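> I would like the atomic coordinates for the input below:
(one chain, ligands or ions: 1)
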Amino acid sequence: MNDRRSVMERIRGMAREALANAPDEADSATIRDESAKRIITEADVRDLEEGARLRIAADARLTPLAADIVREKRIELVRRTARRGASAPQVIAIGADHGGYEMKEELKKFLIELGHHVRDFGTDSTAAVDYPDFAHAVARAVSRGEADLGIIVDAAGIGSAMAANKVPGVRAAACYSVELARNSREHNGANVLTLGSRTITKEQMREIVRTWLSTEIGEERHRRRVAKIEAIERQYARTT
Ligand SMILES: O=C(CO)[C@H](O)[C@H](O)COP(=O)(O)O
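Model prediction:
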């Protein structure tokens, strides 16, 4: 039974990945597709014609020279954005305190249904614990690259965000709605989501998580601002 379920999950995951990678109708006129690259260099753009369209990954960066050529030749960059609900399988670290334990268990089932790999950092019951311990464990996994993203649940979702945001490289956002979830990814590149089990229903949790996972950071201006957040972090980083 478990084998059958895991085969079904893998098939669903592959279908989602294929959908996410399929070209958009609107992209059929794209002259070149460089969406597999994270860095677009001069070599990728120099032979494109004036006004050409170039399809690139949502989080791709352009070297200064490539950016100059794009500007000069008025090349249209078509950034690829993930379709709603169509995120590729990822490793997601999850955690909760006693107030978030039950919702964390629902969340775990939901993430597995979506085809993601879950690393559960506890807690494992409704016995009272301290949320910073669990928020820290999830945030550290994201910071070290042991998980792609993290989701933490406590009663309000606020304390866990505060704790997680102390960990270098973590941008945790407490989201109470689908709109905030989308905004936290598109504008702020949030890599940790915190939820308040007493502020949302299980159905809202699923919609918030689905949206959060299937939204990527958007336009150049948002990435520039996130880079500034990172620069502030570096400014205060201890060297000893
Ligand atoms: O929401 C939280 C942090 O943001 C905690 O879940 C909340 O503070 C726990 O409180 P209590 O010990 O009274 O259950």
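> what packs against whichever strand or helix holds Arg210?
According to DSSP states H and E, Arg210 maps onto helix 202-213. Packed against helix 202-213 by the contact rule (3 or more Cβ pairs under 8 Å, 6 or more residues apart in numbering; DSSP states H and E) you find helix 101-113, helix 178-186, strand 192-196. (Each C-beta comes from the backbone N, C-alpha and C, glycine too.)
> Name the residues of the protein found near the ligand, please.
By Cβ under 6 Å from any ligand atom, the residues of the chain that approach the ligand are 97, 99, 128, 131, 154-156, 158-160.
> Among these, which ones are in strands?
With DSSP state E as the criterion, strands contain Asp154 from among the residues of the chain next to the ligand.
> Going by neighbour count, which of the residues of the chain next to the ligand are buried?
For these, a burial check counting by 16 or more other Cβ atoms under 10 Å picks out 97, 99, 131, 154-156, 159-160.
> Count the neighbours of the residue nearest to Ile229 when sequence neighbours are not counted for me.
In this structure, Ile229 finds its nearest non-sequential neighbour in Arg171, 6.7 Å apart by Cβ to Cβ, 6 or more residues apart in numbering. Around Arg171 there are 19 other residues, counting by other Cβ atoms under 10 Å.
> my guess is Arg171 meets Val226, correct?
Yes: if you go by Cβ atoms under 8 Å, Arg171 and Val226 touch, sitting 7.3 Å apart.
> so where do the helices sit in this structure?
With helices called from DSSP state H, the chain shows them at 2-21, 42-45, 64-72, 101-113, 131-143, 158-164, 178-186, 202-213, 220-236.
> could you give the angle of the last one to helix 64-72?
Same thing as helix 220-236. If you take axes from the mean of the first three to the mean of the last three Cα atoms, to 10 degrees, helix 220-236 sits at 150 degrees to helix 64-72.
> Render the CA-only coordinates of helix 220-236 in PDB, please.
C-alpha atoms of helix 220-236 as PDB (Å, rounded to 0.1, in the frame of the first residue of the first chain):
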ATOM      1  CA  GLU A 220      14.900  42.600 -11.100                       C
ATOM      2  CA  ARG A 221      13.900  45.300  -8.700                       C
ATOM      3  CA  HIS A 222      12.800  42.800  -6.100                       C
ATOM      4  CA  ARG A 223      16.100  40.900  -6.400                       C
ATOM      5  CA  ARG A 224      18.000  44.100  -6.000                       C
ATOM      6  CA  ARG A 225      16.200  44.800  -2.700                       C
ATOM      7  CA  VAL A 226      16.700  41.300  -1.400                       C
ATOM      8  CA  ALA A 227      20.400  41.800  -2.200                       C
ATOM      9  CA  LYS A 228      20.200  44.900   0.100                       C
ATOM     10  CA  ILE A 229      18.700  42.800   2.900                       C
ATOM     11  CA  GLU A 230      21.600  40.400   2.500                       C
ATOM     12  CA  ALA A 231      24.100  43.300   2.500                       C
ATOM     13  CA  ILE A 232      22.600  44.500   5.900                       C
ATOM     14  CA  GLU A 233      23.000  41.000   7.300                       C
ATOM     15  CA  ARG A 234      26.700  40.900   6.200                       C
ATOM     16  CA  GLN A 235      27.200  44.300   7.800                       C
ATOM     17  CA  TYR A 236      26.300  43.000  11.200                       C
END
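> what does that helix contact?
Applying Cβ atoms under 8 Å, 6 or more residues apart in numbering, the external contacts of helix 220-236 come out as 59, 61, 168-169, 171, 186-189, 217.
> can you do 7 Å?
Contacts with helix 220-236, where a contact means Cβ atoms under 7 Å, 6 or more residues apart in numbering, come from 168, 171, 186-189, 217.
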